[in-house]
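> Model the structure of this input:
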Amino acid sequence: MRRLYGPEADTDLAAVYEKLRAEHGSVAPALIHDDVRVWAVLGHGENLHMVRTTSQYNRDARNWTALKNGTVKLTHPLAPVFGWQPICSMAEGAEHLRLRGAVTHALEIIDHRSLRRAINKACQEIINRFSERGTCDVVSDFAEHLPMMVMLDIFGASEAYSERFVQAARDMIKGTETAIASNEYIMGILMEATARRRADPEDDFISRLIAAPAALSDDEVGQHLRLVLIAAYEATANLIANVLRTVLTDPRFRAQLNGGQMTVPEAVEQSLWDEPPFSAMVAYYAKVDTELGGQHIRAGDALIFGIAPGNVDPAVRPDPTEHMQGNRSHLAFGGGPHECPGQDIGRAIADIGVDAFLMRLPDAELSVAEGELRWRSTILSQHLVSLPVSFTPRAQQDVVTKPSMVPPPRADWHVSSGSPKAASASAAAPEAAAPSASSVPTAPVAAPEVRLGAWQRLLRWWRGY
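A predicted model of the protein is given here:
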């Protein structure tokens with residue numbers, strides 16, 4: 001029986017799924033950490049049937065035979081993920097409606113114009129940290145920070161944002177020895193924020209969740225904050241990194257984006273098909289004896305919601321390299337009653353984040369060979385370890401303005417605190433001294449060609465400077 005963890009899976013989990021599909025079909029027996037047996041659901045249709053058929057399957061781990069008989073203990077590395085919690089994604093019936101209604105209520109009140117402003121501001125703040133340097137790591141400097149900064153701002157807990165919080169969020173879902181400690185650290189902060197807003201409500205997500213008609217307890221509020229935060233953070237960080245990696249390494253993809261044949265939102269949607277941020281979800285549990293994909297599933301069995309293998313199921317996608325523009329039937333946001341309620345927020349962060357990065361740093365290029373890129377894989381997700389790029393250093397921008405492309409400093413200028421200043425007189429002859437800002441010639445704007453994308457027009461404008 002094949003393992004969904006360990007050296008082979010860490011190297012290429014997608015290949016493991018395909019071997020399972022070849023050996024067993026659309027539903028296959030597999031092993032997770034500590035060699036615990038589960039069913040890996042690989043078919044697109046089988047996955048949708050499982051998540052939609054609440055009479056046969058749910059997400060309540062208390063139904064798991066292996067947990068009830070002691071085969072799996074709450075010290076299992078994936079316990080923070082599958083362990084029962086008072087959250088909507090693990091409830092059903094009236095309790096599910098009560099808890100999910102509270103989350104939906106809090107999300108629906110979010111003003112999308114304010115959200116876009118918050119995302120733009122976060123993009124500016126983060127890119128300003130490295131724009132003058134001329135180098136950055138897209139993963140650790142940008143993609144891992146943007147969704148966390150935005151989500152904590154939405155929560156009304158922006159003071160919690162820190163490098164430690166970001167890394168704890170990543171560690172929590174890896175199934176490492178420190179995952180439980182990372183979970184406790186995050187929950188401690190979220191519970192403090194909950195108690196603070198219970199005593200002093202404001203116009204933010206936490207306060208709205210507390211004030212929802214469902215009358216959630218502090219524990220229920222804290223658990224749902226973690227659910228929304230980690231789901232949005234991990235998914236969006238991976239999504240941003242995946243899209244920008246594709247732009248930087250795939251000339252055909254980049255040409256379509258530059259030439260206007262593909263918009264940034266379409267590029268994001270394509271990535272949700274090809275490299276879903278969560279490759280799988282642990283777990284669903286059979287409520288009754290049933291059959292799925294030709295396999296006999298016993299009541300109490302655990303099943304992996306196979307997002308990545310379902311997206312490349314030959315039954316729905318015979319050619320896994322084809323572009324799926326306009327098709328949102330991927331499994332990236334789940335399905336059925338537990339479909340992600342905040343997917344539009346994740347899409348907005350990714351769309352604006354990718355666009356802002358390309359707008360601010362249009363000449364960014366991968367600074368290592370593509371073959372040197374490395375991924376870290378878990379059962380739940382696969383993400384880039386690093387994506388180093390280089391670009392022409394650029395001035396910082398006002399964080400309250402939309403990201404825009406500004407010309408790089410001239411060869412005889414240097415950038416300091418976001419403003420061009422004359423180079424030292426000892427480095428140039430008097431007649432070569434930098435001109436005053438008012439005498440800098442205006443760059444000619446090239447006339448746009450047919451189907452020329454906005455990003456490409458700006459890039460040509462910069463090259464003509």
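> which residues in this structure form strands?
For the chain, the strands defined by DSSP state E cover 27-32, 36-41, 57-58, 135-137, 280-286, 290-292, 295-297, 302-306, 365-366, 375-377, 382-384, 388-390, 413-416, 419-422.
> per-stretch mean pLDDT over those strands, give me the minimum one.
The minimum mean pLDDT among these belongs to strand 419-422 (a mean of 36).
> With mean neighbour count added, can I get the strands of the chain in a markdown table?
The C-beta positions use only the backbone N, C-alpha and C, and glycine is treated the same way. Output for the strands of the chain, formatted as a markdown table (neighbours: other C-beta atoms under 10 Å):
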| stretch | mean neighbour count |
| --- | --- |
| strand 27-32 | 22 |
| strand 36-41 | 22 |
| strand 57-58 | 24 |
| strand 135-137 | 18 |
| strand 280-286 | 24 |
| strand 290-292 | 17 |
| strand 295-297 | 17 |
| strand 302-306 | 25 |
| strand 365-366 | 14 |
| strand 375-377 | 16 |
| strand 382-384 | 22 |
| strand 388-390 | 18 |
| strand 413-416 | 15 |
| strand 419-422 | 14 |
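> Throw those into JSON lines and include distance to residue 8, thanks.
Below are the strands of the chain laid out as JSON lines (distance: least, C-beta to C-beta, whole Å):
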{"stretch": "strand 27-32", "distance to residue 8": "11"}
{"stretch": "strand 36-41", "distance to residue 8": "14"}
{"stretch": "strand 57-58", "distance to residue 8": "28"}
{"stretch": "strand 135-137", "distance to residue 8": "28"}
{"stretch": "strand 280-286", "distance to residue 8": "16"}
{"stretch": "strand 290-292", "distance to residue 8": "25"}
{"stretch": "strand 295-297", "distance to residue 8": "22"}
{"stretch": "strand 302-306", "distance to residue 8": "16"}
{"stretch": "strand 365-366", "distance to residue 8": "27"}
{"stretch": "strand 375-377", "distance to residue 8": "10"}
{"stretch": "strand 382-384", "distance to residue 8": "14"}
{"stretch": "strand 388-390", "distance to residue 8": "27"}
{"stretch": "strand 413-416", "distance to residue 8": "48"}
{"stretch": "strand 419-422", "distance to residue 8": "54"}
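> Looking at those, spot the one closest to residue 250.
Closest approach to residue 250 among those is made by strand 365-366 (11.0 Å; C-beta to C-beta).
> For the longest helix belonging to the chain, list every residue counted as buried.
The longest helix of the chain (DSSP state H) is helix 218-249. For helix 218-249, the neighbour count (16 or more other C-beta atoms under 10 Å) marks 220-248 as buried.
> Of all the strands of the chain, which one comes closest to residue 200?
Nearest of the strands of the chain (C-beta to C-beta): strand 280-286, 35.6 Å.
> what packs against that closest one?
Secondary-structure packing of strand 280-286 (3 or more C-beta pairs under 8 Å, 6 or more residues apart in numbering; DSSP states H and E): strand 36-41, strand 57-58, helix 79-82, strand 302-306, helix 307-311.
> cutoff 10 Å now
strand 27-32, strand 36-41, helix 44-52, strand 57-58, helix 65-68, helix 79-82, strand 302-306, helix 307-311 (3 or more C-beta pairs under 10 Å, 6 or more residues apart in numbering; DSSP states H and E).
> Pipe those into a markdown table and attach distance to residue 211 per row.
Putting those into a markdown table (distance: least, C-beta to C-beta, whole Å) gives the following:
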| stretch | distance to residue 211 |
| --- | --- |
| strand 27-32 | 39 |
| strand 36-41 | 38 |
| helix 44-52 | 30 |
| strand 57-58 | 29 |
| helix 65-68 | 35 |
| helix 79-82 | 28 |
| strand 302-306 | 32 |
| helix 307-311 | 33 |
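> Looking at the ones you listed, spot the one closest to residue 318.
The nearest among these, by C-beta to C-beta, is helix 44-52 at 11.9 Å.
> the inter-axis angle of that closest one versus strand 36-41?
Interaxial angle, helix 44-52 versus strand 36-41 (axes from the mean of the first three to the mean of the last three C-alpha atoms, to 10 degrees): 120 degrees.
> List the buried residues in helix 44-52.
By neighbour count on 16+ other C-beta under 10 Å, the buried set for helix 44-52 is 44, 46, 47, 48, 49, 50, 51.
> Noted, bye for now.
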